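> what's the 3D shape of this:
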Amino acid sequence: MQLVHGGDWAGFETEYGRSPLDFSANVSPLGVPQGVQDAVKAAVAAADRYPDPLCRKLAGHIAEAGNLPQEWILCGNGAADLIWRLAAALRPQKALLPAPAFSEYEAALRSVNCRIRRHFLLPEKDFTVEDSFAEAITEQTGMVFLCEPNNPTGRTTPMPVLEHIMTRCAAVGAILVVDECFGDFLDEPDTHTLVPWLKKYPNLVILKAFTKLYAMAGIRLGYALCSDVELLGRLRMAGPPWAVSTLAQAAGCAALREQPYVQSVRALIRTQRPFLQRELRRLGLRVVAGEANYLLFRCRTPLIQPLRERGILLRSCENYPGLDDTWYRTAVRTEEENRRLLAALKEILS
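Numbers count the residues shown, from 1 in each chain. Here you go, the predicted model:
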């Protein structure tokens with residue numbers, strides 16, 4: 001079976017009998033914080049009870065951390081769960097997506113027979129979203145998805161353009177969904193978020209997740225923010241009531257206390273991203289100037305299988321609309337791991 005996403009460590013282990021060095025999934029390279037591990041172990045004793053379907057304790061902690069009303073928060077089984085709930089609950093007839101972008105937006109929308117318009121981002125402009133995207137929002141557009149920073153390009157949209165998009169969506173009555181799951185890896189995440197606009201724009205839905213920053217991909221935990229409480233209620237009713245397990249709720253509460261860990265991750269990415277970008281360019285590769293914990297680059301030489309044979313997983317981007325099999329995405333990991341990737345690439349390309 002051909003998988004859509006990266007992170008297929010299980011397939012590698014089945015084939016090779018060992019664990020890979022995984023650059024195909026963009027999660028913190030520092031592993032699950034110890035405090036989160038301890039919280040999950042402690043929560044096992046309460047696993048005989050159903051989890052709180054409203055995630056009240058966790059939502060309260062998220063509200064306190066973000067200085068937000070608790071009723072503006074809906075927790076889910078990862079951001080992907082919330083993306084599919086949005087499509088199922090609102091069932092837009094037409095939607096606008098940037099391309100390339102995270103594939104779950106289109107998959108969820110197609111499941112409800114939504115007609116999708118792709119707005120292709122230009123490689124010669126490093127795939128930056130421009131005002132032309134806002135101008136593509138019409139009276140018939142029911143939903144718009146954006147990813148900030150975008151996956152797989154790692155690029156953010158200039159704030160004036162985001163304001164133009166918000167204004168345009170409000171004018172035509174479109175729901176604007178902004179995926180900020182990788183926003184925590186930006187050098188200044190507080191300066192590039194649409195959270196301050198939630199009150200002004202009740203049609204704005206922001207998605208966030210614990211997956212990336214806290215290396216909690218296997219726990220499955222994310223949340224949606226929206227000032228339209230009725231809309232969040234519709235999302236809640238669009239899926240099973242116990243979407244977030246007791247263990248995941250405990251993990252989320254613990255993660256929000258892991259500020260030293262967060263500082264360490266951000267410091268690592270702030271150092272290693274420019275290092276990896278520079279060294280990839282020294283190998284003669286075209287690298288998009290990403291701003292998160294991953295980099296998009298182009299290489300005419302096939303890389304997936306040769307790296308796999310060397311115990312390394314890389315994300316091919318050939319299944320992203322607007323890209324082909326010469327584009328790859330790599331996570332930014334520790335210096336030792338990044339050097340191992342670079343050494344393997346140098347060997348393959350020599």
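
> ok, for Pro51, nearest residue in space, not its chain neighbours?
Thr246 (4.3 Å; CB to CB, 6 or more residues apart in numbering). Using the backbone N, CA and C atoms, a C-beta is placed for each residue, glycine as well.

> Strands of the stretch 251-350 of the chain, start to end?
In the stretch 251-350 of the chain, strands defined by DSSP state E, counting those that start in this stretch lie at 286-287, 294-298, 312-313, 315-316, 327-331, listed in chain order.

> so which of these gets nearest Leu74?
Minimum separation from Leu74 across the strands of the stretch 251-350 of the chain (CB to CB) falls at strand 294-298, 26.7 Å.

> ok, longest helix in this protein?
Ranked by residue count under DSSP state H, the longest helix found in the chain is helix 259-282.

> ok, and what's touching that one?
By CB atoms under 8 Å, 6 or more residues apart in numbering, the residues outside helix 259-282 that reach it are 28-30, 33, 35, 184-185, 187, 213-214, 287, 289-290, 292-293, 295, 297, 330, 332-335, 338, 341-342, 345.

> give me every residue that touches the residue nearest to Pro51.
43, 46-47, 49, 51-52.

> residues in contact with Arg85?
Contacts of Arg85 (CB under 8 Å, 6+ apart): 76, 235-236, 238-239.

> Ignore what I typed, I meant Asp126.
With contacts taken as CB under 8 Å, 6+ apart, Asp126 has the following neighbours: 153, 155, 288-289.

> do Leu90 as well
Applying CB under 8 Å, 6+ apart, we find Leu90 in contact with 142-143, 175, 231, 234.

> what's in contact with the strand or helix carrying Leu146?
Applying DSSP states H and E as the criterion places Leu146 in strand 143-147. With contact meaning CB under 8 Å, 6+ apart, strand 143-147 is reached by 86, 90, 92, 94-98, 101-102, 105, 109, 114, 129, 137, 157, 162, 165, 169, 174-179, 181-182.

> lowest average confidence, helix or strand, in the chain?
Here the helix or strand of the chain ranked lowest by mean pLDDT, DSSP states H and E is helix 9-16, holding a mean of 91.

> So for it, what gets flagged as buried?
Within helix 9-16, the residues scored as buried using 16 or more other CB atoms under 10 Å are Phe12.

> same question for the helix or strand just after that helix, mean pLDDT?
Per DSSP H and E, the first helix or strand lying C-terminal to helix 9-16 is strand 21-22. Confidence over strand 21-22 (mean pLDDT, whole number) is 97.
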